[in-house]
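[1] Take this sequence and fold it.
(chains A, B, C and D)
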2 protein chains.
Amino acid sequence: MMSLSPSKRANLRDVARAADVSVATVSRVLNTPEKVRKETRKRVEEQIRLLRFVPSAAARAFSTGRTRVVGALVPTLDNAVFARVLENLENGLARRGLALVVATTDDDPIVEAEKAQQLVNIGAEGMVVTGITHNKAFTKLLDRAELPVVAISYYDPSYHIPTIGYDNRESARLAMDHLCASGHRKIAVLHGPLHFSDRTRSRVDAIGAMKTDAELHFFHTDVSIEGGVRAVQQMLSAPVEFDACLCATDVIATGVLFELQRQNIKVPDDISLMGLDDLPISSFTNPTLTSVRAPVQQMGLQAADALADWIETGSRPQAICLPVTLQARQSTHQR
Amino acid sequence: MMSLSPSKRANLRDVARAADVSVATVSRVLNTPEKVRKETRKRVEEQIRLLRFVPSAAARAFSTGRTRVVGALVPTLDNAVFARVLENLENGLARRGLALVVATTDDDPIVEAEKAQQLVNIGAEGMVVTGITHNKAFTKLLDRAELPVVAISYYDPSYHIPTIGYDNRESARLAMDHLCASGHRKIAVLHGPLHFSDRTRSRVDAIGAMKTDAELHFFHTDVSIEGGVRAVQQMLSAPVEFDACLCATDVIATGVLFELQRQNIKVPDDISLMGLDDLPISSFTNPTLTSVRAPVQQMGLQAADALADWIETGSRPQAICLPVTLQARQSTHQR
DNA sequence: CTCAGGTATGTAACCGGTTACATTTTGTGT
DNA sequence: ACACAAAATGTAACCGGTTACATACCTGAG
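    Numbering: from 1, shown residues only, chains lettered A, B, ... in the order given. Below is the predicted model of the structure:
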């Protein structure tokens, strides 16, 4: 009664033999059980249990040509924006029966290209990448592999990869408009590294390109709460008295707020403070933080759907621009 | 010169034919190029380029039996603790040539079992799960699939899955000791849902089980900043004047801090506040937040290594208990 | 009783790599 | 020039599902 090869796993043919049916029938029991007579099905299921048969995912992927895996390349998970995008991407993809492989790039195009290669190597059927700044190796890889790929967190309809995101420039402009309209004239702009992040660059560029009589000073720091804290020192040691501080992301703004508070500098009375992205925390700080909402949830879900559609139907999606909206709160006020 | 079948992708045999070598040689060029004569290699590589050959990951997985994918089941990414764990898991696994599939469970064992099945279906070679509370379907699945699985964020050497984590009870005890030792006698304990999270349960149980003359009141809320904010209302409407508030996670504590601040209740003068986990933000709030550090980075890296070893060598790892350490900061002080 | 037509099942080809082993080529020392 | 080991390459089996197509079975109408 017992199998004589104790260690090896049962495969579909073993089950077929044991249940005295053909391999096709076993396969049908697994995939389209309604097409198998009840009695036969029971017999097969019985043997599946007895032989502890678990179908080989690899073999299935091989013969169907589908792995049901897609990859996502994000700079980091250590920033709530990306964590939230991924959370929604994962949910959206799971609904479509796709699993999400996460790879972090640290915003380094070289790392990105390597990880992208890894994703191709494991058989990702599609990819989600962040932004539109990528190196040659990366582009070549995608070209060769002919994978469905969408770029998120950025909108640029002319880019060779469909972008599903929002307008980072517009986001920065909304912020500046808000600050300028409320009478701010000396604005410190705090942002993360520009080299690799097109999101940051777009935001900073857009600010720099605005026609305004406000005086702008740019400061560079890490994208982290601590980065925000440190940036305050820079800002305060500049020979200017700022009436507003605009941070390229709420993560930095949060740090700035904490440090200003610590130094007993009142927001918004002494200085207005504003961020971009609108993280959940921004609604609860004291004062609550004025920001421009990046539609991360929608973006994640729509990217998931677009990519799933592309994978299933082969039809390349259109670029999508989701709206960014000003969330005026307590950290900014009329001068 | 051109291929006559325009749409179909080249496979390894096509390359072999074009380069006038055997399939084995092409395979060697891909996997062990040093074993192929330079001249031959060049010829093959040339054809790989010309035919735009990309090896089929599925076929490779099939014949080697390896997908190089492992799965992680976490409650959510919308909590910095898990995002950070994943970040480190991913880094650790990437170093070992393994890709990480992320699946979120929302702390629901049913969802967890479903997602685990999905992970098995896509051919995960191993899994990382959070905690030790899982349902029968899940356990049965792991048993059938005979996958290497480690459980993180929890330590219990007697559990049937190797745990790589820390002692949640100890973490809670450290916190309570700190509060009691500094003279707090009426403590509000704010925590997330108990039903599914063994981490929360351990922490809350450990607090309840302590021999102390302090008066304890437990309040339940969501694990989010907003949850913390809302919990303050509950806490304040209780017929007790608390001298300390202990939150089962820094996420809640952050919300509590914001709300207390908003209501002009001074921390720690009016009430001491303490969290668990020690998120990066806790070092920068005003006042900085006393907490107990959960070693998420080490945990992620060690879990990655343990799992990779298990997958490669087949030897099951030992449970690992990482130390939790009190981080006394400004939000608590002597009564 | 027969045959159409649907339903259930079986047969065998196929997917595209890897690799043990066989065979050929190359290189070295005498 | 020859022997022989080492290096390079080739042959063919193998992994374990899926599925097009063929065949067997069953039911009810004529």
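
[2] Which pLDDT does the model give the residue in chain A that DNA strand D sits nearest to?
    Distances between chain A and DNA strand D by C-beta to the nearest atom of the strand are smallest at A:Leu12, namely 2.5 Å. C-betas here are computed from N, CA, C, even on glycine. Looking at A:Leu12, its pLDDT stands at 96.

[3] where exactly do the strands run in the stretch 1-150 of chain A?
    Applying DSSP state E, counting those that start in this stretch to the stretch 1-150 of chain A gives strands spanning A:69-74, A:99-104, A:126-130, A:149-152.

[4] Report the backbone C-alpha coordinates of the third one in CSV.
    In this case it means strand A:126-130. In CSV, the C-alpha atoms belonging to strand A:126-130 read as follows (Å, rounded to 0.1, in the frame of the first residue of the first chain):
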residue,chain,number,x,y,z
GLY,A,126,5.3,42.7,-15.3
MET,A,127,6.9,45.5,-13.4
VAL,A,128,6.1,48.6,-11.6
VAL,A,129,8.9,51.2,-11.3
THR,A,130,9.2,54.5,-9.5
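
[5] Quick one: neighbours of the residue of the stretch 101-250 of chain A found nearest DNA strand C, just the number.
    The nearest approach of the stretch 101-250 of chain A to DNA strand C comes at A:Asn121, 9.9 Å away (C-beta to the nearest atom of the strand). Residues lying near A:Asn121 (other C-beta atoms under 10 Å in any protein chain shown) number 17.

[6] The one 4 residues further on too?
    Other residues within reach of A:Glu125, judged by other C-beta under 10 Å, total 24.

[7] C-alpha coordinates for the host helix or strand of A:Ser171, PDB please?
    For A:Ser171, the element it lies in under DSSP states H and E is helix A:168-181. Written as PDB, here are the backbone C-alpha positions of helix A:168-181 (Å, rounded to 0.1, in the frame of the first residue of the first chain):
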ATOM      1  CA  ASN A 168       5.000  66.500  -9.200                       C
ATOM      2  CA  ARG A 169       5.500  70.000 -10.700                       C
ATOM      3  CA  GLU A 170       1.900  70.800 -10.200                       C
ATOM      4  CA  SER A 171       2.100  69.600  -6.700                       C
ATOM      5  CA  ALA A 172       5.000  71.900  -5.900                       C
ATOM      6  CA  ARG A 173       3.200  74.800  -7.700                       C
ATOM      7  CA  LEU A 174       0.100  74.400  -5.700                       C
ATOM      8  CA  ALA A 175       2.200  74.600  -2.600                       C
ATOM      9  CA  MET A 176       4.000  77.700  -3.800                       C
ATOM     10  CA  ASP A 177       0.800  79.300  -4.900                       C
ATOM     11  CA  HIS A 178      -0.600  78.700  -1.500                       C
ATOM     12  CA  LEU A 179       2.400  80.200   0.300                       C
ATOM     13  CA  CYS A 180       2.700  83.200  -2.100                       C
ATOM     14  CA  ALA A 181      -1.000  83.900  -2.000                       C
END
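
[8] Any chance you could list what contacts whichever helix or strand comes after that helix?
    Using DSSP H and E, the helix or strand that follows helix A:168-181 in sequence is strand A:186-191. Surrounding strand A:186-191, the residues in contact under the criterion C-beta atoms under 8 Å, 6 or more residues apart in numbering or on different chains are A:176, A:179, A:200, A:203-204, A:207, A:214-221, A:228, A:231, A:235, A:238, A:240-249, A:252-253, A:256.

[9] Name the strands paired with strand A:186-191 and say parallel or antiparallel.
    Note on strand A:186-191: by DSSP bridges, its sheet partners are strand A:215-220 (parallel), strand A:244-247 (parallel).

[10] Need the winner for burial among these.
    Across these, averaging neighbours per residue (mean count of other C-beta atoms under 10 Å in any protein chain shown) puts strand A:244-247 on top, at a mean of 30.

[11] Check the offset of the helix or strand just after that strand from the chain's centre.
    Using DSSP H and E, the next helix or strand after strand A:244-247 towards the C-terminus is helix A:250-262. Relative to its chain's centre, helix A:250-262 lies at 24 Å (C-alpha atoms, centre = their mean, to the nearest Å).
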